[in-house]
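1. Sequence and computational prediction follow.
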Amino acid sequence: MADKAWKASERRMARDVGTERIPVTGVDRHGADFADGIACYQLKVRRAIPGWLWDWLDGIQGTGQRQGKAGVLVLKHPGQKDTDALVVLSWADWVDLHGVPEREGEGQ
């Protein structure tokens, strides 16, 4: 049986950062879909994501590209602690910044 589209996305994105998808083994749906040496990831594939988010991300990405940098969108509520703000960037920019680590035993 073929993977569902969301599961195939999890597999591809996990490989982008040099790891593998973590299979679901129980009822905990807040677990990581994949993890690497610096982060735990949970992918959400949704038909609708607010248009304003894409507009703002497109704008800062354009600015970043003109300066040879990644465009990063930071979101927070009024009164929210700065340390709780969200960071949004494209997956391609994240992979470029993250790099793909060598797997154990490779390159030695």
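-> Happy to help now that I have it.

2. domain assignment for this structure?
-> Using automatic domain parsing, the domain parsing of the chain gives 1-45, 49-99.

3. Could I get the buried residue list for stretch 40-58?
-> By neighbour count on 16 or more other C-beta atoms under 10 Å, the buried set for stretch 40-58 is Y41, L43, W56, L57. Quick note: C-beta positions are derived from backbone N, CA and C, even for glycine.

4. can you check stretch 62-74 too?
-> Per 16+ other C-beta under 10 Å, stretch 62-74 contains these buried residues: G64, A70, G71, V72, L73.

5. What lies in contact with that stretch?
-> For stretch 62-74, the external contacting residues (C-beta atoms under 8 Å, 6 or more residues apart in numbering) are 53, 56-57, 59-61, 85-90, 93, 96-97.

6. of those, closest to D3?
-> The nearest member of the contacts of stretch 62-74 to D3, counting by C-beta to C-beta, is S90 at 23.5 Å.
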